[in-house]
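# give me coordinates for this.
(2 chains)
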Number of protein chains: 2
Amino acid sequence: MLYIALLHYPVINKEGKVVATAVANMDIHDIARTAKTFGVEKFYVINPIEAQRQLAGQIVSHWREGYGAVFNPSRKDAFEKVEIRSNLDEVLADIQTAHNCKPKIIATGANFQGEILTCNELREVIKSNHLPYLLIFGTGSGIAQEVVNQADHRLEPIRGKNGYNHLAVRSAVAIILDRVVEIT
Amino acid sequence: MLYIALLHYPVINKEGKVVATAVANMDIHDIARTAKTFGVEKFYVINPIEAQRQLAGQIVSHWREGYGAVFNPSRKDAFEKVEIRSNLDEVLADIQTAHNCKPKIIATGANFQGEILTCNELREVIKSNHLPYLLIFGTGSGIAQEVVNQADHRLEPIRGKNGYNHLAVRSAVAIILDRVVEIT
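The predicted structure is shown next:
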């Protein structure tokens, strides 16, 4: 049982202040469609700013119940996967309620080194049991260290040629789900 | 030697008229970053409408030579891969000039059936020789049949769960390059 989350906080700005990144319309669209393609249970958009959650909520409603649902039914199907939450604890509580157990948290990042879980290993554990797994993706400069520390595992980064590691998060989610979900 | 192209034409509209799809800013950004990650030679944006090519050109210049290049040098690196052309023949001529031979054309599509090339097969042929390969991705409702007919091969579609096949082209490019490019 695979869940994914896109985390918009916390980010430290140049003045050393903790801020959140903004919700990007295209992130919700692309990642919802990828989540639907690979049979992910839910795609959580996590943002601590109420105005940002309202914006995300309007986008989701447009495609789930508004004119978008009529205009493009396949987009409606993808948006059924989207849930908006304020913080990671709310997401963990949701999943725990649904499954009666805490999810295993897998952090992703472009610069992880050392002890990491490979995509092959993750694919094997996901298909070998019915425990919930939560894959977390970051925005801006990635997932804050305090969230990484909370994770059960860190997933291997996507390695490119010549060390270039600046994929869009939309692209990273697509590649990682393709690697860790077995389509039978 | 792998090249990719994003084709914005031809599309038949509801009145039966041949039109082109619009250039999407995010397509250029995401696919350029993916192309750079996987060591693609060039990423061709193909659009027959001059105003659309001008728009794409302004976006590319901003990130390659304008303020964007200073603001985000890794984005500049990705945009070095982008070339804008009017039609597929111009792209084929470019590649032929660079390599002294015509590229093998591989069409992609979400609904291909029958005789198809698998991603594993394509990965093996790309790494076993130095011939140029051109992977073509469509926008809107995919690549027009006349372009598919011109291709040497049709690539296997990305199969999702429960038959859902509505990935963003940005996500499809990421998944397919991850599958066909071997990172050593």
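# interface residues of chain A facing chain B?
Taking C-beta under 8 Å from any C-beta of the partner chain as the contact definition, chain A meets chain B at A:26, A:29-30, A:33-34, A:36-39, A:74-75, A:77-78, A:158-162, A:164-168, A:170-175, A:178-179, A:181, A:183. In this view, the C-beta of every residue, glycine as well, is placed from N, C-alpha and C.
# ok, now which ones touch A:Arg179?
Shown in contact with A:Arg179 (C-beta atoms under 8 Å, 6 or more residues apart in numbering or on different chains): A:Cys119, A:Asn120, A:Arg123, B:Asp178.
# that one is in what secondary structure piece?
Element membership for A:Arg179, per DSSP states H and E: helix A:169-180.
# what residues of that helix count as buried?
Across helix A:169-180, burial judged by 16 or more other C-beta atoms under 10 Å in any protein chain shown covers A:Val169, A:Arg170, A:Ser171, A:Ala172, A:Val173, A:Ala174, A:Ile175, A:Ile176, A:Leu177, A:Asp178, A:Arg179, A:Val180.
# would you turn those into a markdown table with distance to B:His153 and pLDDT?
Converted to a markdown table, these look like this (distance: C-beta to C-beta, whole Å; pLDDT from 0 to 100):
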| residue | distance to B:His153 | pLDDT |
| --- | --- | --- |
| A:Val169 | 31 | 96 |
| A:Arg170 | 27 | 97 |
| A:Ser171 | 24 | 97 |
| A:Ala172 | 28 | 97 |
| A:Val173 | 28 | 98 |
| A:Ala174 | 22 | 98 |
| A:Ile175 | 22 | 98 |
| A:Ile176 | 27 | 98 |
| A:Leu177 | 25 | 98 |
| A:Asp178 | 20 | 97 |
| A:Arg179 | 24 | 97 |
| A:Val180 | 28 | 97 |
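# return the helix or strand in chain A with minimum mean pLDDT.
Within chain A, no helix or strand scores below strand A:11-12, which has a mean of 62 by mean pLDDT, DSSP states H and E.
# could you list every helix and strand in contact with the helix or strand hosting A:Ala5?
Of the helices and strands defined by DSSP H and E, A:Ala5 is found in strand A:2-7. With contacts taken as 3 or more C-beta pairs under 8 Å, 6 or more residues apart in numbering or on different chains; DSSP states H and E, strand A:2-7 sits against helix A:25-37, strand A:43-46, helix A:88-99, strand A:133-138, helix A:169-180.
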